[in-house]
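A.B. asks: I would like to see how this sequence folds:
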Amino acid sequence: MSSQVRFGPEAIAEPSDAVRWYEQRRAGLGLALLSAVDAAVESITRWPRSGALMDGLEALEVRRVPVSSFPYHVAYLIVHEHIEVLAIAHGRRRPTYWTDRLTR
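C.D. replies: The predicted structure is shown next:
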C-alpha cells in the first residue's frame, strides 16, 4: 500500500542546484537525477520502513534511501499516515546539514 508523501519546502528546493550542475556537465544528466529521485521516493511510498535508520537519529526513526547512480539520498520520517521528506541531500558534502529541520 502506498503512503502519501509530503515534502518540506527545503526538500522541494534542494535538487534545483544539483540539476543545473549536472545539466552543465552533460545534457540530460540533470533530468536523470530528477528521475532517480522520483524512483527513490516511489520506493519509499511502497515500502516506507525499507530505508536505513540514520546514525544518531535512530530514536526519531529518521530513515534514508539512496538515489540510484548519484551521490544523494532522500531523508525522511514516517509521521502518522504520511511520509515527510526532510531533505534530498548530497551524501558526501555536509550530509546532515538538514537535521535542524527536525526541531521545527
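
A.B. asks: Which residue ranges of the protein form helices?
C.D. replies: 9-13, 15-25, 29-46 (DSSP state H).

A.B. asks: starting at the chain centroid, how far to the last one?
C.D. replies: Read it as helix 29-46. 9 Å (CA atoms, centre = their mean, to the nearest Å).

A.B. asks: avg pLDDT for it?
C.D. replies: The average pLDDT within helix 29-46 is 96.

A.B. asks: Show me how far stretch 5-23 is from its chain's centre.
C.D. replies: The answer for stretch 5-23 is 9 Å, by CA atoms, centre = their mean.

A.B. asks: Then stretch 93-104?
C.D. replies: Put simply, stretch 93-104 sits 12 Å off its chain's centre (CA atoms, centre = their mean).

A.B. asks: Turn the helices of the chain into TSV, columns for distance to Ser3 and mean neighbour count.
C.D. replies: For glycine as for every other residue, the C-beta is placed from the backbone atoms N, C-alpha and C. Shown next, in TSV, are the helices of the chain (distance: least, CB to CB, whole Å; neighbours: other CB atoms under 10 Å):
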stretch	distance to Ser3	mean neighbour count
helix 9-13	16	13
helix 15-25	21	14
helix 29-46	5	17
